[in-house]
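Visitor: Can you look at this prediction? I've put the sequence above it.
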Amino acid sequence: MTHRHDIICISSIDWAFIWQGHQEIMSRLAAEGHRVLYVENTGVRQLRVSDLGRVRDRIRNWWHSTKGFRQERPNLFVYSPLVLPMPYSRIARWINARLMVRSLTRWMRATGFSRPIVWTFLPTPLVLDVITQIEPVITIYHCVDEFSASSSSARRIVASEEKLFSIADLVFVTSEKLRARAAKYSQRVHLFPSGVNIEAFAQADQVETPADVRSLPRPIAGYVGGLHQWVDQALLAAAAQRLPDASFVLIGPEQVDVSALRRHRNVHLLGQRPHAELAGYIAAFDVTLVPYRIAEYTENVYPAKMNEYLAMGKPVIATDLPEVRRFNEQHGDVVRIAGDADTLAASVRELAAAAPAQTVERRRSVARANSWHRRIADMLDLIDTAVAAREREAIGWEDRLRRLYARARRRSLEAAGAVLAIYLLLFHTPLLWWVAAPLKVSASPVPADAVVVFAGGVGESGKAGVGLQERVSQAISLYKAGYASRIIFSSGYVFTMQEAQLMKAVAVDQGVPPEAIVLEEHAANTYQNVAFTARILNEHQWRRIMLVSSPYHMRRAMMTWRKVAPDVQVVPTPVPQSEFYASAWGASFDQIRGILHEYAAIADYWRKGWL
C-alpha cells in the first residue's frame, strides 16, 4: 500500500473514552503514515445531568489545547469541539456547523491537510452539514451502532443516518443486521466486524497477574467493558448466587447503578483500568463473559471483546446475541451461549477447567483471523479504489469554476437568510422584550422621604433630553399623590443647559414648589448618581426613597444601590408607560441599542466591582 491519506475522523466517542475500534483504527492508520484528525463526539441526544462530567472534560481539553486542537501522537491529532448541545435544533445546527467548519478549515490550512477523507462514525445532521462544506475526496460512514435504539431522544437521528447511507462513497458496518439496514440505501456496504489487537492480547503466558485479582477464589469469571445499561446485571447476580465459591470480576467504568451486583460478596467491581493493563486481567480469568441483555440495540452489536478473550486462549461465554450466533456459524461454536443463570453457572464450572492445547490454539487461531491488521488492510484496499475512481472522474476547469460560483452563491444565500432571520426576530417578534424582561424592576409606591429621579443624558431614546419628560412626570405624580414631600433630581449631564436645572424648571412649571426640590448636579453615570444622592440622603437622615428611571435601567440602578448604600430602602417606581418601550411586537434600532447597552453596562459594573 503506497498511498497515504489525510483523514478527518468524526467519532461517536471521545478519545479518552473506553478504548474501542474508533481509537484502534485511527491510531493504526496514523502509525502507518496516514495523517488523522480525530474529532471527538458532538452528541446524538440532549444533554443529561450524567453528562456534566463529559462536558467538564471537553471544556478542559479545549482550554489546554490550541483552539480545541492537540497532537496526541505522531500523525494523530485530536479536536475537542465546543458545540451547542442541541443536535436536532436547526438554529444550533447552523451555528455549530459554521463554527466547526471554520475551525477545521483553519486547522487544515495550518497543517497542510489537503483533500481529506471524511471517515465518520456519527450520522447526525451536523455531520452532514460539515461533510457538505468540507467537500472531502470521499466520505466513509462507519456504522457500529443502532443509534436510534440507544435512547428515546436519539430516535430523531434516523433521517440523517439514512441520508448518510445514501451519499457515502463507502459504508462499513460491524454486524449483519446493520448491513441489511444499510443495504436498503446503498450499494457500497461492506461488513467489517470489530477486530483484535493480536500483539497486545496474544502473549498470555508472558503477562503478570494484577495484584487485585491474584488472591481471589477460583474459578474467576471475568468481564471487561463498560458497565452500561446493556449489561445483564440480573443474569450476573443470579449466576453469582449459584456459584458462591467462584469470583465474578468486572473491569470497566460504572455507567449505571450497579447496586444489584454490589450486594454479592463474590462479585468484584474493579472499575476502569488502562487499556495496556487489560491483557493481565484477562490472563487471570478462568472463563470470560459477554453478558449483554437481549434488546433491539444489542441485536446490532458485535462484541469486540470476544476476539480479545479468544486471542488469549480463554473460553468465552456469551448471551444469545445474533452476532454471537453468526460468529459461531463462521468459526465452529467457539463461543458458549448461555441464555439463563443456570446455563451460565454450569458453563463456568465446566469451562474453568484447563483446556487441551489444541482447544486453546483453536481459539487463538480464530482471533488471528479477526485481527485489526487484516481488517484495516481490507478497508484500505476499498478506500484506495474509491479514491482512484474519484480522481479519474476529476472535472475540468470549467466545471470547477462553475462549482466555485455555485458555492459562493450558496454562501451568499445562507448569509442573506441569516440576516433576514435576525431581522425578523428583532423587528417583527417579541424576542427583544423577552430578553429585556429581566431588566425591569417595579414595586407599588409607598410613603417615602423623597422621590429620587435619575436622568438619562441621551437615555433610552438616543437623543439628549428626550426621555427626561417621562421621568419628571412620574416624579411629579408621586409627589402630588402625597407619597413624598421632596424630589431629588440627579444628573451632571449638560446639553443646552444643566439637565438637573431643566428637570427642576419642568417640575416647578407643573406646580411643585421650588423648596421641595433638591438638585444633585455632578453625577456622570449611574454609580455616581447613587453615590452622590446617598450623601444627600445621609445629610437629611432620609432612609426610604422611591426611585424613578426608565423601565430597563432599573435593574442596574437597584443593584448599584444595594452595593453602594445598602442601608437605604429603595422602592423601584420606573416610568410605567414609556414611549420608548411601548411596542409589544418588534423593536426599533434605538430600542435594541438601549437594551444591549444595559446588559453591557451591567457586565462592566460587575467587572469594576460596582455591583
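Guide: In hand now; what should we look at?
Visitor: Domain map for the chain?
Guide: The chain breaks down by automatic domain parsing into domains covering 6-193, 198-370, 397-428, 435-608.
Visitor: What's the end-to-end length of the first one?
Guide: Yep, that's domain 6-193 we're talking about. Domain 6-193 has an end-to-end distance of 24 Å (criterion: CA to CA, to the nearest Å).
Visitor: Of the domains of the chain, which is nearest residue 382?
Guide: domain 6-193 (5.8 Å; CB to CB). C-beta coordinates here come from the backbone N, C-alpha and C atoms, glycine included.
Visitor: where do the helices sit along the stretch 401-550 of the chain?
Guide: With helices called from DSSP state H, counting those that start in this stretch, the stretch 401-550 of the chain shows them at 431-436, 468-480, 499-509, 526-540.
Visitor: So, low pLDDT: which residues of the stretch 351-500 of the chain?
Guide: 394-401, 426, 456-467, 496 (pLDDT under 70).
Visitor: follow-up on the earlier one: wait, which of the domains of the chain is closest to residue 376?
Guide: That would be domain 6-193 among these, by CB to CB, at 5.6 Å.
Visitor: mind checking which of the domains of the chain is nearest residue 377?
Guide: Comparing the domains of the chain by CB to CB, domain 6-193 comes nearest, at 9.8 Å.
Visitor: Residue 507 is in contact with residue 475, correct?
Guide: Yes - the pair residue 475 and residue 507 passes the contact test of CB atoms under 8 Å, sitting 7.1 Å apart.
Visitor: With neighbour numbers in mind, choose between these two.
Guide: More crowded of residue 475 and residue 507, by other CB atoms under 10 Å: residue 475, with 28 against 22.
Visitor: can you redo the helices of the stretch 401-550 of the chain as CSV with distance to residue 266?
Guide: As requested, the helices of the stretch 401-550 of the chain are exported to CSV (distance: least, CB to CB, whole Å):
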stretch, distance to residue 266
helix 431-436, 59
helix 468-480, 78
helix 499-509, 83
helix 526-540, 69
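Visitor: Mean neighbour count, those helices: which tops it?
Guide: Among the helices of the stretch 401-550 of the chain, ranked by average contacts under mean count of other CB atoms under 10 Å, first place goes to helix 468-480 (a mean of 21).
Visitor: any residues touching that helix, and which ones?
Guide: Helix 468-480 has contacts (CB atoms under 8 Å, 6 or more residues apart in numbering) with 445, 451, 453-456, 459, 484-485, 487, 489, 499, 502-503, 506-507, 510-512, 516, 546, 548-550, 573-576, 578-579.
Visitor: If we use 6 Å, what do you get?
Guide: 445, 451, 453, 455, 487, 503, 506-507, 510, 512, 546, 548, 575, 578 (CB atoms under 6 Å, 6 or more residues apart in numbering).
Visitor: Please apply the same query to stretch 502-513.
Guide: Looking at what lies outside stretch 502-513 - CB under 6 Å, 6+ apart - the contacts are 472, 476, 479, 489, 514, 517.
Visitor: 10 Å instead, please
Guide: For stretch 502-513, the external contacting residues (CB atoms under 10 Å, 6 or more residues apart in numbering) are 453, 455, 465, 468-469, 471-473, 475-477, 479-480, 485-487, 489-491, 493-498, 514, 516-519, 521.
Visitor: Give the rounded mean pLDDT of it.
Guide: The average pLDDT within stretch 502-513 is 93.
Visitor: one step back: of the domains of the chain, which shows the lowest average pLDDT?
Guide: domain 397-428 (a mean of 74).
Visitor: Make a markdown table out of the domains of the chain and add distance to residue 382.
Guide: A markdown table is the format used below for the domains of the chain (distance: least, CB to CB, whole Å):
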| stretch | distance to residue 382 |
| --- | --- |
| domain 6-193 | 6 |
| domain 198-370 | 18 |
| domain 397-428 | 26 |
| domain 435-608 | 52 |
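Visitor: Out of those, flag the one nearest residue 379.
Guide: Here domain 6-193 is closest among the domains of the chain (CB to CB), at 6.3 Å.
Visitor: residue nearest the centroid of the chain?
Guide: residue 85 (4.3 Å; CA atoms, centre = their mean).
Visitor: Make sure that one is actually in contact with residue 41.
Guide: No - here residue 85 does not reach residue 41: they are 11.0 Å apart, not a contact under CB atoms under 10 Å.
Visitor: how about the strands in the stretch 201-350 of the chain?
Guide: In the stretch 201-350 of the chain, the segments counted as strands under DSSP state E, counting those that start in this stretch are 220-224, 247-251, 267-271, 287-290, 316-318, 335-337.
Visitor: in the stretch 351-500 of the chain, which spans are strands?
Guide: Using DSSP E, counting those that start in this stretch, strands in the stretch 351-500 of the chain cover 450-454, 487-490.
Visitor: Let's have those strands in CSV, adding mean neighbour count and distance to residue 355.
Guide: Listed next are those as CSV, based on neighbours: other CB atoms under 10 Å; distance: least, CB to CB, whole Å:
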stretch, mean neighbour count, distance to residue 355
strand 450-454, 27, 88
strand 487-490, 26, 92
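Visitor: could I get these as a markdown table with distance to residue 34?
Guide: Shown next, in a markdown table, are the strands of the stretch 351-500 of the chain (distance: least, CB to CB, whole Å):
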| stretch | distance to residue 34 |
| --- | --- |
| strand 450-454 | 66 |
| strand 487-490 | 69 |
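Visitor: now for those, which one comes closest to residue 602?
Guide: That would be, of the strands of the stretch 351-500 of the chain and by CB to CB, strand 450-454, which comes in at 15.2 Å.
Visitor: can you count the residues close to the residue lying closest to residue 272 once chain neighbours are set aside?
Guide: Excluding the flanking residues, the one nearest residue 272 by CB to CB, 6 or more residues apart in numbering is residue 253, at 4.3 Å. Per other CB under 10 Å, the neighbour tally for residue 253 reads 13.
Visitor: quick one: residue 253 and residue 231 touch, right?
Guide: No - Residue 253 is beyond contact range of residue 231, at 11.6 Å (criterion: CB under 10 Å).
Visitor: So what's the gap between stretch 497-504 and the chain middle?
Guide: Mean-position distance between stretch 497-504 and its chain equals 54 Å (CA atoms, centre = their mean, to the nearest Å).
Visitor: Need phi/psi at residue 252.
Guide: phi 160, psi 160 (degrees, to the nearest 10).
Visitor: show me what contacts it?
Guide: 18, 223-228, 231, 269-273, 278, 305.
Visitor: need the contact list for the closest residue to residue 363 other than its chain neighbours.
Guide: In space, residue 363 comes closest to residue 310 once its chain neighbours are excluded; the distance is 4.3 Å by CB to CB, 6+ apart. By CB under 10 Å, 6+ apart, the contact set of residue 310 is 196, 201, 288, 316, 327, 331, 334-335, 360, 362-370.
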